[in-house]
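Student: could you look at this predicted model? Sequence included:
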Amino acid sequence: MNSLASYFVKNITHLSDLMWSSVLLYILIAVGIFYTFYLGFPQFRYFGTAFKETFGGVFGKKEKEEAGTMSSFQALATAIAAQVGTGNVAGIATAIMAGGPGAIFWMWMSAFAGMATIFGEAVLAQKYREVRDDNFVGGPAFYISKGIKQKTLGKFLAGFFSVAIIIGLGFIGNLVQSNSISAAVNEATGINPIIVGVLIAIAAALVFMGGMKRIANFAELVVPFMAALYIIGVIVVMVLYKEQVGPAFKSIFVEAFKPTSMMGGAIGVTVKQAIRYGVARGLFSNEAGMGSTPHAHAVANVKHPAEQGLVAIVGVVIDTLVVGTATAMVILVTGAHEKGLEGALVTQEAFSSAFGTLGTSFLALCLTFFAFTTIVGWYYFGETNIRYLFGKKGLLPYRIIVIFFIVLGSSLTKKIDFVWTMSDFFNGLMVFPNMIALLLLAPQAKRILDSYKAHQLYNREDLS
């Protein structure tokens, strides 16, 4: 029995590694580059407009929301809740340890490509959304099944995607997030991980049972706070190590294009790894192309679908270019990447170098926020696909299973690496049907952007 289990673990791990390192990584980048050129570089041409669409109405008078929707900012906050997670702490550290500081440059490059992809996902989610049980719902399953002309293919791919995201994010993904929280809190306070898991499950259940509106209100309240808390901590570290800020940025650029990298051998592999791990961690972090965040952007109450597409671009900026870069800078300026540690322990060492034991507690608090908001976001994405497959009757069983996995995650101390591999495996399965749909429906995304451009031009001419 043990040999059979070992064989299964070995093969799933090999398949997952092969899928991400040799197939999906290149597909995601290729689709991002394709959308960038096909749509005319929207992430650059509309960069300022994207921030105006995102934050322009936050402090002004709020428009009346349509029943069953979120505000545009709430939708973004829900998406960021899922995007900003333990990957922004452990994942960035892994990228630096495996690919050197130069990996961060390639992470930035993957983010710029991902902005175009996530724009396409968001506008298609807006276009093909529908009303179920008095709430708007949308996402890849909906634009795959309704947008692809070959209906049999569309329904198969949509169903395949839904099953993969429910298992990959709703169940296994939330298990590993719960594990990250309980481990961090146990490290900082000594509290039994299972007790932590039960408390997480209760808090999560209270949010889940409030439905879409409570999830939106939770994300709108917590996400800006958690991001600000983390960024303030990073700024303090950079002030304490201000002499190292310049050299840290220099190392990012120099080691991404190191002249000696062209000499071959081990040095050449280092640059190759910088590209691979930087790109991979960037895509894992912001989830562009994976098909997760469109579930939130689909239900935003906006006047034009392209408006939410631009808001989605800001999500990538915040997740990868702001929070991801912040983690990288803390690690590089403190030299934590030179201590021989791995994963989140590298980032923990960075904050501990600056703040002592308080640094461990600070990172544990931030990790708790990051992982808990990810649980809420991923739950919601899974819920949307439960509605797609089973309707309202599937919600209660789904909630019970998610809560069970949250508690289970806190109790795991062994084989957690394999659980992460399983999560990556199902995340990879999500990508395939989503990529097919994005390529087939690219003309629809372009049509929506052209409509938005025409609308803007009309408004300017009308004002003149």
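Tutor: Looks like it came in fine.
Student: residues in contact with stretch 363-373?
Tutor: 81-82, 84-86, 88-89, 177-178, 180-181, 184-185, 187-189, 200, 203-204, 219, 222-223, 225-226, 229-230, 233, 344, 347-348, 351 (CB atoms under 8 Å, 6 or more residues apart in numbering). C-beta: built from backbone N, CA, C; applies to glycine.
Student: just the buried members of the residues you listed?
Tutor: Neighbour-count burial (16 or more other CB atoms under 10 Å) applied to the contacts of stretch 363-373 gives 81-82, 84-86, 88-89, 177-178, 180-181, 184-185, 187-188, 200, 204, 219, 222-223, 226, 230, 233, 344, 347-348, 351.
Student: just those: which are in strands?
Tutor: Secondary structure from DSSP state E places none of the buried ones among the contacts of stretch 363-373 in strands.
Student: which ones among those residues lie within helices?
Tutor: 81-82, 177-178, 180-181, 184-185, 187-188, 200, 204, 219, 222-223, 226, 230, 233, 344, 347-348, 351 (DSSP state H).
Student: strands of the stretch 51-200 of the chain, start to end?
Tutor: 130-132, 135-137 (DSSP state E, counting those that start in this stretch).
Student: which helix or strand in this protein has the lowest average pLDDT?
Tutor: Each helix and strand of the chain was given a mean pLDDT (mean pLDDT, DSSP states H and E); the minimum falls on helix 265-286 at a mean of 68.
Student: picking up where we left off before, any chance of a markdown table for the strands of the stretch 51-200 of the chain, columns mean neighbour count and distance to C366?
Tutor: Putting the strands of the stretch 51-200 of the chain into a markdown table (neighbours: other CB atoms under 10 Å; distance: least, CB to CB, whole Å) gives the following:
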| stretch | mean neighbour count | distance to C366 |
| --- | --- | --- |
| strand 130-132 | 13 | 36 |
| strand 135-137 | 20 | 31 |
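Student: quick one: those as CSV, columns for distance to A75 too.
Tutor: As requested, the strands of the stretch 51-200 of the chain are exported to CSV (distance: least, CB to CB, whole Å):
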stretch, distance to A75
strand 130-132, 16
strand 135-137, 10
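Student: okay, those strands in CSV with mean pLDDT next?
Tutor: As requested, these are exported to CSV (pLDDT from 0 to 100):
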stretch, mean pLDDT
strand 130-132, 86
strand 135-137, 87
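Student: out of those, which gets nearest to F105?
Tutor: Set against F105 and scored by CB to CB, the strands of the stretch 51-200 of the chain come closest in strand 135-137, at 38.2 Å.
Student: who does that closest one pair up with?
Tutor: Paired neighbours of strand 135-137 in the sheet (DSSP bridges): strand 130-132 (antiparallel).
Student: what's in contact with the strand it pairs with?
Tutor: Under CB under 8 Å, 6+ apart, the answer for strand 130-132 is G68, F136, V137, G138, F142, R387, G391, K392.
Student: apart from its chain neighbours, what residue comes closest to the second one?
Tutor: Once flanking residues are discounted, F136 sits nearest to V299: 4.5 Å by CB to CB, 6 or more residues apart in numbering.
Student: pull up the gap between the one you found and F142, please.
Tutor: 11 Å (CB to CB, to the nearest Å).
Student: common neighbours of the two, please.
Tutor: By CB under 8 Å, 6+ apart, the residues touching both V299 and F142 are R129.
Student: what is the helix or strand encompassing G409 packed up against?
Tutor: In the assignment (DSSP states H and E), G409 maps to helix 395-411. For helix 395-411, the packing partners by 3 or more CB pairs under 8 Å, 6 or more residues apart in numbering; DSSP states H and E come out as helix 174-189, helix 193-208, helix 357-390.
Student: nearest to K258, of these?
Tutor: Once the helices and strands packed on helix 395-411 are compared by CB to CB, helix 357-390 is nearest, at 30.6 Å.
Student: give me the buried positions along the closest one.
Tutor: 359-388.
Student: picking that back up, so who does the residue nearest to F136 touch?
Tutor: G68, T69, M70, A75, R129, N135, F136, V137, G138, M212.
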